[in-house]
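>>> everything below, folded, please.
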Amino acid sequence: RMEGQGSYALPTGTEYRGALRDGMFDGEGELLFPSGGTYRAVWHRGVPTQGKYTFADGLEYKDKKWHYCDGYDRRFYTEICSGLKPAGISQLTNLDPPRKIPVGCYDCGDGFYNPETRVIVDYRLRFLRNA
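Numbering: from 1, shown residues only. Next up, the predicted model:
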């Protein structure tokens, strides 16, 4: 079984780096997601006891006092940090300029969906999943 400091790559592309004990995440460690997000936590027998998720753009998720995209404020995080665009120029995603995707496809956050093939691929055109 895995023991000590190390890393473990999951089939989804997510990677764990940190302390391992008896084959489980145990102690300080982090999950690095293919989308660029990171979850740093203290683990006990594979279960996080306390942790913090940070999105790829640096936004930190807080369980309490979460003011991002709530019922009162619908701005993207980049708009909160950098301000709104002038009237008539819309920001359609958190990324500005947004990622380019093929015509007729839909952005899913981790890639795009092609309704003709019913397949979701990442932005580098690597297969993610069937819809």
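>>> number of nearby residues for the nearest residue to G13 once chain neighbours are set aside?
In space, G13 comes closest to P34 once its chain neighbours are excluded; the distance is 4.0 Å by CB to CB, 6 or more residues apart in numbering. C-beta here means a position set from N, CA and C on the backbone, and glycine is covered the same way. Using other CB atoms under 10 Å, P34 has 16 neighbouring residues.
>>> contacting residues for P34?
Under the criterion of CB atoms under 8 Å, 6 or more residues apart in numbering, the contact partners of P34 comprise T12, G13, T14, D110, D122.
>>> roughly how far does the second one sit from G83?
Which is G13. From G13 over to G83 the distance is 34 Å, taken as CB to CB, to the nearest Å.
>>> cool, and the last one?
Separation of D122 from G83 (CB to CB) stands at 30 Å.
>>> looking at those two, which one has more neighbours?
D122 (15 against 9).
>>> residue contacts, that one?
For D122, counting by CB under 8 Å, 6+ apart, the contacting residues are P34, D110, G111, L128.
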